[in-house]
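> here are the coordinates; sequence isn't available:
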C-alpha cells in the first residue's frame, strides 16, 4: 500500500501493515453500517497507516470531529478514533445526547491507549450505556518514511518536562517493544539523558514477558541509540537550512503532506500524468477534501517515494537552487530532442519515455515553485539578521552579555515568539545565563509584552530552555571537542554534517557520528559527562547459549554479517528536526560509515512548533 | 507352553477366561469393621466413604456419634465428616470425586474427599415436602446426578445444584410398592427402571406414563428384587426372589440367558464385568454373604467362597471387590495375556517370551524359540507391549517389556515410539498404584481419564512432588502444579517469610514458564494473609497485575509506589482515581507527595477538572511560585488582574521570585498611573491594559515627553530602549527635524543604524541617507541597499573595495533591470578586478 516505506533490512511496511490490521480487526468487530469520526489530531496519523480506499471498500465515511454533529438515521454505528483526551469526551457526550436512537451504538478507538479518565468522564455524564466498544489502537510509532517513524506526539517534550507527565516515555517504551516484536531483538543499546534512560528502563521491564525476544538470533536492528532532547536544546531552536527543514519551518509539513495555496503552482490542473506520485498526491488530497473544505489548495506528498524530492530534501538550500537549475536544463534538453528526431526508433523510445519525463517535469515545476517561495522568504532582512544573530550565538560570541540585537528586537516590539527563541538559543549556547542577564531579559520582556509574559517564561524555565548558568559550560566545551561549529564548512557537496545549519552540526547527530567509530561510545562517555542526565549502555543477549559460540570466530552467517551495513535505530526522546534527520542520512550516505539509520522520534519538530508547544499553557 | 506366573488366579467361565488381580491390601483402622458398615467407593480407584449401617445393630465402639469416614483404597483415612446433618438416605461419588450425601428431607450435601463441605442444596419441589425413601447417585453424560424416590412413590432427578429438578411420570397403580429401581442414562437423558412385583416399569421424563414390561422370565417367581445396569448402561441384569437371574439388553428386547442360581438368600450386589478389550460386557458378578458368583451370557458359572462381607465397585474394565482383608479386581483375561501365559499357547508372543527367557539363561534354545515366532515377530512384540499394560505386577511388566525389547531388535526399522510411550505410562501407573498414592488405575482407565485429569487428582490429594514428576515424565506443563502447591503452602504454613522463601525458591527456576506470583498473592489475600501477599507481590514483575490486588488489600501506598515505578501513567491514573475515593484528602496529599510521578499526574488531572484542588496541592507543597501562577491564571480568566496583583506579587516574593514580584509591583503602579491619566481632562483614549513600554510609546505619541521621561526613571527603562521609543515615535509622525535634533542631542547609545531603519521603514530615503553617513563603514553598503540607494551603495562598496558586497549588489540590481546601474556595477567590478 505504501511503496515508499519499503526497505530491505528494516522494512517499515511491516509496521504499517500491522497497524492497519489492528484497525481492520477493530472495524470488523463492529457489525452493521458505520461511520468513522476522527479527532483532528488523528487525521494525519491515520493517513500514515491506511489509504482512503480501505474505508471506501467497506463503505465507511470519514468525518472530522466537530462539537456538533448530526448523523443520518440509517447509521447504526458511530466509531470515534481519538487521542485519549478528556476534553474531547464532552463533544462525544453532546453527540450521544443529540444522536441517540434505538439500535445505534457508539464506539471509541483510543490511540494509542484506553484512558480511564476519558471513560470516567463518560460515566460521570451517564452516557456509558450508549457505548459499545471502548478499545484501543496501540499505535505508537507510525511510519513516516522508509527510515523514519514518529509517534506524532507534538507535546511529548512539553508534557514530560513541564507537567512531569511521562506518558510519552512509557508509550515510546511500548513502541520499542513493538518494534522489536516486528524486527527482532536489538542487541546493543546506548543512550544519554534522564528521559532516554527512563524510556529504556520501561522498555526493558515491558520486555520481560516477551520470551521470544530473548530466544534465537538478534533481529534486523543492530543498535539502538536513545537521545534525550534535553541534552541539545540548541538544535531545535536553530534555523534549519536544508530544503526540507525550510519547507517545514515556513509552511509546515504535516505527516508527509504539504498544503499550499494552489495559485503558486501554475501547472496545477494542467498536468494529467498517470504517475504514481500524482496519484498518491491526489489520494491524499481526496482524504483531505473528505475531511475539510479548504478551498483551492494544493497538497503535495513529500517523502522518499518522490524521486526528485528524495534528492533535494536533505540538501542545503543553496545547493537546491543549483540542482533545480540543472534539472530544468536537463528536462529542456530531453524535451528539445523532439525537434531533431530522426529515426522512427528514436521517436518510439522518446514516446515511451514521455510519461516519465512529464512526471519529472511536474515534480521539477512543483519544486521550483516551492523553492521560489522559500527564496522570497530568505531574502527578507529580518530572516538574515536573525540568522546572523543565531550564528553569533553558535560560535559563543559575546554570549554572556545580554544581546543588543535581542534588546533591539524587544524595543521594536517584534514578534514575541522569535524573541524568546533567540533568548533560549543564547541560553543554550551559553549553558545558562547569569542571574543579572536573565532578570534583565525578564524585565524587558514584561515591560514590553506585558506581565502575562511571565507565565510563558515560567514554562520556558520549567522546560529547561531558560536557566541560570551552570558550571560546566557544556556547549562551549563540546563546540570545541566535538567540532560542533566548523570553520571551513561548505554548503554545496559538503563533507561534514554541519552543512545542515550552514556551519553548525547538531550535537545529537554529532554524538551518533562519534558513536559509529570503533569504541566510539566509550570515548564519548567521558566527553559528554557535562551534559545533563546519565550516559548509559546496555546489552540484550539471548537467555540461553551465551557462552557457547565465542572463540570459534562465529558461524558463517555471522561473519558475513560483519560486512553488511549496521542498522542503527536512533530514538529522539522529545522530537527531532528535519535537519537532524538530514545529518543522519548524510552520515548513512558516507560509504566508510557502513551504516544505515532508522530514526524514531516523538514528533518531527522545528523551531516554531517546538517553542510554541513549550510556550503554550 | 510353559507354565507361568499367576495363571492360578485365572478361571474359566466358558468360553472365556477371567482372572482376579490382587491390588494393594487395604489396612483398615482397627475400629473399622466393614460388616457393620455401609461403604461407597468412587470408580477409577477413587476414595471410599464409610458409615455405620443404621439398619444393623452394632456393637458400639468408641464414640457413638455417627460419622462418615473417608479412606483411600489402601485404608488411609483422608478425612471424616461428623454427621449431624440429619437422616442420611444414601451416598455416592461424583465423577469429580465429590461425595454426595442425600438426606431424608431432600437436602443434598456435597463434600470433597477430605470431608470439607463444598455445597449443599435441596432437591426442591415436591420432593422437599415429602420424605425421601431411597436415593441414588448416578453418572450421565451431563455429569453426576441425584435421583430420589419419595414415600409417595414419585421419582425426581436433579442433575446439579443449578438445574431444577425433573419429576418422572407417576407409577401406574401406585398403590403397589416397588421393590427395586435403577437409573439408566442414554446420552444426556436419564430414565428410571423400576422392579415391581413381576414387572419392570420404565419411567422417562417427558412421558406421561411409564411403560411396563412383563413376562421376562420363564421360570416362576414372585418378585424382581434387584436390577443392575452395566457400567456403560447397555446391559441389564434382573434378580428374582426365587434366585433367578435374567441377563439381557437394557431395552429388554433381547434376552441373553435365564439362570437359576439355586440360592435362596438375597444377593448383596450385582455388577456387570466390563470387558477389557472393548466396551461390552459378557458376565455379571453377584455377591452374597461369604460367596461370590460369576455368571456369563452363556449361563456358565464360576464361584468362590469369600469374606462374609464385600463391596463391588464397577469399573469401565472390570469390577473391584473390597473386603475387610483384601482388594481385588475381577476382569476378563485380555487375549494377549492369555496368548503369552496360557499353558500350551502357540502364539508367537509366547514363543518370543520363552526365547527371551532362554536368552537370559544363555541357552541355545533361545534361537529355537525365536525361529518359531520369527515370521510374526512384529505381532509378538506388540502383544508383549500390550500385555504389559494389563499387568499390575511390576516384575511381570518388566519381563514383558524386556521381551518386547529383545524382540524389536529383530525387526528392521522398528518404530520405538509406542514402546517408549508405554514404558513412560507404566512407570506412572506403578507410581499411582503405590500404597502411598493408592489410585489403582488400569491402563485403559488411565487413557480414558487423560493424564491431565490424573494430574489434577494428584494435586488435589496434595501429592505435589509426585504430580510434578509425573508431569515432567509425560512432558506436560508443570507450573500450575507449582501454583497449587503454593496455594497449599499458603493455606497451611503459618510462617510468612518461610512460605515466601519456599515459593520463590521453587518459582525462580527458569524452566518454569507462565507462573504468576499475582495469582498466588491473591490466594494469600483471600485467606487473610495480606503480609504474605505483599511479600509475594513484590516478586511479580508486572505492575499492571500487582496494582489491582494491592488496591484490593487497601495497600494504597504500595499501589502508588508500584504504579509509579512501572512508569505506566495510565495505571497511575487509575490508582489515583481509586484511592482518592477511599482516603481522606489530606492523607491522600501526604501520600502522593512522596511519589513525584503520581503528584504530577494528579496535578495534571486536577488542572483539567478542578483548579482549586490544584491550589490545595501547591499549598501542601509550599510551592509559592505555582500559587502565584495559579492566582495569575485565575486573574486573567476573570479579567481581574488589578485586584489580584498584590496577591500574585506576594506569592512571587514568598517563592523568592524577586524579579517577578517587582514586576507585579511595577504593573500595579502602572495601572494606578494609567487611571489617573485617564481622569485628566485631556486624557484621550484610555491606556489601561497597555504594557509599560506601550504606555510610554503612547505618551510619546501624544507628545508628553515629560511624562514619558518620568516613567523612564520610575521603571528604570534602559536608555537603549528609550531611544528606540523616541526615534520610532518621531519617525512615525514624520517629525524629521526633531529626529535629527534628537540624533545630535548626545551620543546615541544604540548607534545610528536604528535611525536609518526607522527612516527606511517610513520610506524616506533622503532622511535615511543622513544617518547612513554616521553608521560604521562596514554597515554602510548594507543600509544603502536597504534604503534602495543603489548608486550610493555601489560607490561605497567600491570605495571600500569590497568585492563580496559588489557581487551581492550585482545580484540584486540584476533583478531591478536598471540598465544604468547594471553598467555601473559592471564597471566597478571590472575596475576592482583589474586593480588586483
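Okay, I see it. Predicted, not measured: the structure shown is a model, and the values here were computed from it.

> and chain A, what are its domains?
According to automatic domain parsing, chain A comprises the domains A:3-139, A:143-233+A:506-544+A:555-610, A:243-379.

> Most tightly packed of those?
Mean neighbour count (mean count of other CB atoms under 10 Å in any protein chain shown) peaks for domain A:143-233+A:506-544+A:555-610 among the domains of chain A, with a mean of 20. Every residue, glycine included, has its C-beta placed from N, CA and C.

> Regarding residue B:157, what is its secondary structure?
When classified by DSSP: H, G, I helix; E, B strand; the rest coil, residue B:157 comes out as strand.

> where does whichever residue of the stretch 401-550 of chain B sits closest to chain A land on pLDDT?
When scored by CB to the nearest CB, the stretch 401-550 of chain B has residue B:541 as its residue closest to chain A, at 5.0 Å. pLDDT, residue B:541: 74.

> From what I see, it and residue A:205 are in contact.
Yes. Between residue B:541 and residue A:205 there is a contact at 7.1 Å, judged by CB atoms under 8 Å.

> and residue A:108, helix, strand or coil?
At residue A:108 the chain is in strand, as set by three-state DSSP.

> again but with residue A:356, I slipped
Following three-state DSSP, residue A:356 is assigned to helix.

> tell me the contacts of the closest residue to residue A:11 other than its chain neighbours?
If the residues on either side of it in the chain are set aside, residue A:11 comes closest to residue A:5, at 7.3 Å by CB to CB, 6 or more residues apart in numbering or on different chains. Taking CB atoms under 8 Å, 6 or more residues apart in numbering or on different chains, we find residue A:5 in contact with A:11-13, A:15-16, A:143, A:145-146.

> what phi and what psi does the backbone show at residue A:5?
Torsion angles at residue A:5 (phi, psi; degrees, to the nearest 10) stand at phi -90, psi -10.

> Can you give me the distance of it to chain B?
Distance, residue A:5 to chain B, using CB to the nearest CB, to the nearest Å: 29 Å.

> Report the closest residue of the stretch 501-650 of chain B relative to chain A.
Nearest to chain A, among the residues of the stretch 501-650 of chain B, is residue B:600, at 3.1 Å (CB to the nearest CB).

> quick check, that residue in a helix?
Yes. Counting by three-state DSSP, residue B:600 is part of a helix.

> Give me the spatial nearest neighbour of it, chain neighbours excluded.
Leaving aside its sequence neighbours, residue B:600 sits nearest to residue A:164 (CB to CB, 6+ apart; 3.1 Å).

> Tell me the predicted confidence for that neighbour.
So, for residue A:164, pLDDT stands at 89.

> right, and it touches residue B:598 too?
No. Using CB under 8 Å, residue A:164 is not in contact with residue B:598; the gap is 9.9 Å.

> Which other helices and strands does the longest helix along chain B contact?
Taking DSSP state H as the criterion, chain B has its longest helix at helix B:658-679. If contacts are counted by 3 or more CB pairs under 8 Å, 6 or more residues apart in numbering or on different chains; DSSP states H and E, helix B:658-679 sits against helix A:435-449, helix B:641-654, helix B:692-701, helix B:705-714.

> Can you convert the ones you listed into JSON lines and add a column each for mean pLDDT and mean neighbour count?
Listed next are these as JSON lines, based on pLDDT from 0 to 100; neighbours: other CB atoms under 10 Å in any protein chain shown:
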{"stretch": "helix A:435-449", "mean pLDDT": "92", "mean neighbour count": "20"}
{"stretch": "helix B:641-654", "mean pLDDT": "87", "mean neighbour count": "18"}
{"stretch": "helix B:692-701", "mean pLDDT": "89", "mean neighbour count": "22"}
{"stretch": "helix B:705-714", "mean pLDDT": "88", "mean neighbour count": "15"}
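
> Output those as a markdown table; include the columns distance to residue B:160.
Below are the helices and strands packed on helix B:658-679 laid out as a markdown table (distance: least, CB to CB, whole Å):
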| stretch | distance to residue B:160 |
| --- | --- |
| helix A:435-449 | 79 |
| helix B:641-654 | 70 |
| helix B:692-701 | 86 |
| helix B:705-714 | 92 |
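
> Can you say which of those is nearest to residue B:419?
Residue B:419 sits nearest to helix A:435-449 of all those, at 86.1 Å, using CB to CB.

> distance between the closest one and the chain's centre?
Centre-to-centre, helix A:435-449 and its host chain are 33 Å apart (CA atoms, centre = their mean, to the nearest Å).

> Which strands and helices lie in contact with that helix?
Helix A:435-449 is packed against helix A:404-411, helix A:416-430, helix A:453-462, helix B:658-679, helix B:692-701, helix B:719-732, with contacts defined by 3+ CB pairs under 8 Å, 6+ apart.

> May I see those helices arranged in TSV, with distance to residue A:189 as well?
Formatted as TSV, the helices and strands packed on helix A:435-449 follow (distance: least, CB to CB, whole Å):
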stretch	distance to residue A:189
helix A:404-411	40
helix A:416-430	27
helix A:453-462	29
helix B:658-679	42
helix B:692-701	51
helix B:719-732	51
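
> Which of those sits closest to residue A:236?
Closest approach to residue A:236 among the helices and strands packed on helix A:435-449 (CB to CB): helix A:416-430, 9.4 Å.

> Can you give me the buried ones in that closest one?
For helix A:416-430, burial by neighbour count (16 or more other CB atoms under 10 Å in any protein chain shown) applies to A:416, A:418-430.

> Between the helices and strands packed on helix B:658-679, which one is closest to residue B:50.
Comparing those under CB to CB, the one sitting nearest is helix B:641-654, at 83.2 Å.

> Next, the buried residues of stretch B:145-164.
Applying a neighbour-count criterion of 16+ other CB under 10 Å, one finds B:145-150, B:153-160 buried in stretch B:145-164.

> Show me the shaky parts of the stretch 51-200 of chain B.
Residue ranges of the stretch 51-200 of chain B with pLDDT under 70: B:55-65, B:174-175.

> Ok, the stretch 401-550 of chain A next?
By pLDDT under 70, the low-scoring segments of the stretch 401-550 of chain A are A:542-550.
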